[in-house]
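Student: Here you go, sequence then predicted model.
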Amino acid sequence: MWKKYRIFLLLLPVCLLAGCAGETVKKENIEEEESRIEIGMTFDSFLLERWQRDRDVFVSAAQELGAEVNVQNANGDLEEQISQIEYFIQKDMDVIVIVAIDSGGLSEAVEEAHRAGIPVVAYDRLICDADVDLYISFDNEEVGRLMGEHMKEHLAEGGNILQICGPLADNNVSLVMKGFAEALENSNLTVIGTEHAEGWLAETGFAATDAYLDTGEIPDGIMCGNDSIAGQAIRALSEQRLAGSVCVVGQDADLDACQRIVEGTQCMTVYKPVEKLARRAAELTVGLAEGNMVAATETMNDGSYDVPYERLDPVAVTKDNMDEVITGKYHEESDIYLNIRDR
């Protein structure tokens, strides 16, 4: 009996120590979870191919830096996006990152976040009259200029261009249109009509192109707000056996656009290295959460305030430089040339 009691007394301190160690580890884990940076990120939608890539790279980069990202999809609904921002505020996120549905409809939500002491990052799309803590995007005027310069090089003098742009609620659309118009200055190219795809509805590309072809006229070029719209415009041209004879340009370097370019039905796209954008945005966002000031060298006026602006450069992509810029870096060769047997 005494032997058993003695063993119990010997084991008791060990058990107590093990229990204390367990409690210490548990406490450390709780403290680590509580100190972890939390980022709320709300997207317009994931209808566009590129936004899924932005999301994946941003989340991965943020996790590498010790942050967790709560991703929400507003599905193109402004009120839903506002609700998501309010949810992030209630959850006391360290930073809120917004891919705005409507550049002019979120200023009050941003102000509410600021009142709660939460920094806000406008990702790729500027939020107007909101004084965000950071706006990070590509040079959208340059996107338009690259499109316009390509048209000038490939269209005959006096050519007519149909414009099918994104929604004006997206601030980038006006910037792209401005750059495009500047590139066409001092040329004899004429924009004969402009349509806007509300909600970035790609089918607008088909409807606008088909309606113009019904007049009996054929445009020399079609400037499209993105590659999804370009794909639909080319579908309308295909039905009239005109695909490849009209210069169609877009942006985003979507896989199907790159396929069309090497096949000869789309003339060019503008590549925006979203991996670089998303990774840089994650770095700066985590920095904001840690209390660091954004050391941006530029500012962008949002209508009321000059906000810190991080600008990345886009690249024009054609059949000639596809392999140099895209192949093996953004899309795989086997996917790009999928429909070309003699590759």
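Tutor: Looks like it came in fine.
Student: Tell me which stretches of the stretch 151-300 of the chain form helices.
Tutor: For the stretch 151-300 of the chain, the helices defined by DSSP state H, counting those that start in this stretch cover 171-184, 203-213, 227-239, 255-263, 274-289.
Student: In the protein, where is pLDDT below threshold?
Tutor: 1-34, 341-343 (pLDDT under 70).
Student: okay, now the domains of it?
Tutor: For the chain, automatic domain parsing gives the domain ranges 36-132+274-312, 140-272+316-336.
Student: Backbone dihedrals for Thr327, please?
Tutor: Its backbone dihedrals place Thr327 at phi -60, psi 130, with angles given as degrees, to the nearest 10.
Student: Give the closest residue to it in space, chain neighbours not counted.
Tutor: What sits nearest to Thr327 in space, not counting adjacent residues and going by Cβ to Cβ, 6 or more residues apart in numbering, is Glu333, at 4.9 Å. In this view, the C-beta of every residue, glycine as well, is placed from N, C-alpha and C.
Student: if we can go back for a sec, mind checking which of the helices of the stretch 151-300 of the chain is nearest Val249?
Tutor: Judged by Cβ to Cβ, the one of these that comes nearest to Val249 is helix 227-239, at 7.1 Å.
Student: Can I get that closest one in CSV? Just the C-alpha atoms.
Tutor: Only the C-alpha atoms of helix 227-239 are listed here, as CSV (Å, rounded to 0.1, in the frame of the first residue of the first chain):
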residue,chain,number,x,y,z
ASP,A,227,-11.1,40.5,-72.7
SER,A,228,-14.5,39.0,-71.7
ILE,A,229,-16.2,41.8,-73.7
ALA,A,230,-13.7,41.3,-76.5
GLY,A,231,-14.6,37.6,-76.7
GLN,A,232,-18.3,38.4,-77.1
ALA,A,233,-17.5,41.1,-79.8
ILE,A,234,-15.5,38.5,-81.7
ARG,A,235,-18.4,36.0,-81.4
ALA,A,236,-20.6,38.5,-83.2
LEU,A,237,-18.0,39.1,-85.8
SER,A,238,-17.6,35.3,-86.3
GLU,A,239,-21.3,34.9,-87.1
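Student: now the angle between helix 255-263 and it, please.
Tutor: Relative orientation of helix 227-239 and helix 255-263, computed by axes from the mean of the first three to the mean of the last three Cα atoms, to 10 degrees: 50 degrees.
Student: Remind me what helix 227-239 packs against, helices and strands.
Tutor: Using 3 or more Cβ pairs under 8 Å, 6 or more residues apart in numbering; DSSP states H and E as the contact test, the elements touching helix 227-239 are helix 203-213, strand 221-224, strand 247-251, helix 255-263.
Student: For Lys178, find the nearest of these.
Tutor: strand 221-224 (12.8 Å).
Student: Okay, now the sheet partners of that closest one, with direction.
Tutor: Strand pairing for strand 221-224, determined by DSSP bridges: strand 160-165 (parallel), strand 247-251 (parallel).
Student: Among the helices and strands packed on helix 227-239, which comes closest to Asn301?
Tutor: Distance to Asn301, taken as Cβ to Cβ, is lowest for strand 247-251 among these, at 23.2 Å.
Student: returning to that earlier point: would you list the domains of the chain in a markdown table and tack on mean neighbour count?
Tutor: Listed next are these as a markdown table, based on neighbours: other Cβ atoms under 10 Å:
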| stretch | mean neighbour count |
| --- | --- |
| domain 36-132+274-312 | 19 |
| domain 140-272+316-336 | 20 |
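Student: what's the closest of the strands paired with strand 221-224 to Asp220?
Tutor: strand 160-165 (5.3 Å).
Student: about what we covered before: can you add distance to Asn292 and give the helices and strands packed on helix 227-239 back as CSV?
Tutor: As requested, the helices and strands packed on helix 227-239 are exported to CSV (distance: least, Cβ to Cβ, whole Å):
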stretch, distance to Asn292
helix 203-213, 42
strand 221-224, 39
strand 247-251, 32
helix 255-263, 37
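Student: Met41: which of these is closest?
Tutor: strand 247-251 (22.4 Å).
Student: who touches the closest one?
Tutor: Residues from elsewhere that reach strand 247-251, judged by Cβ atoms under 8 Å, 6 or more residues apart in numbering: 143, 147, 150-151, 154-155, 176, 220-231, 233-234, 237, 257, 265-270, 272, 314.
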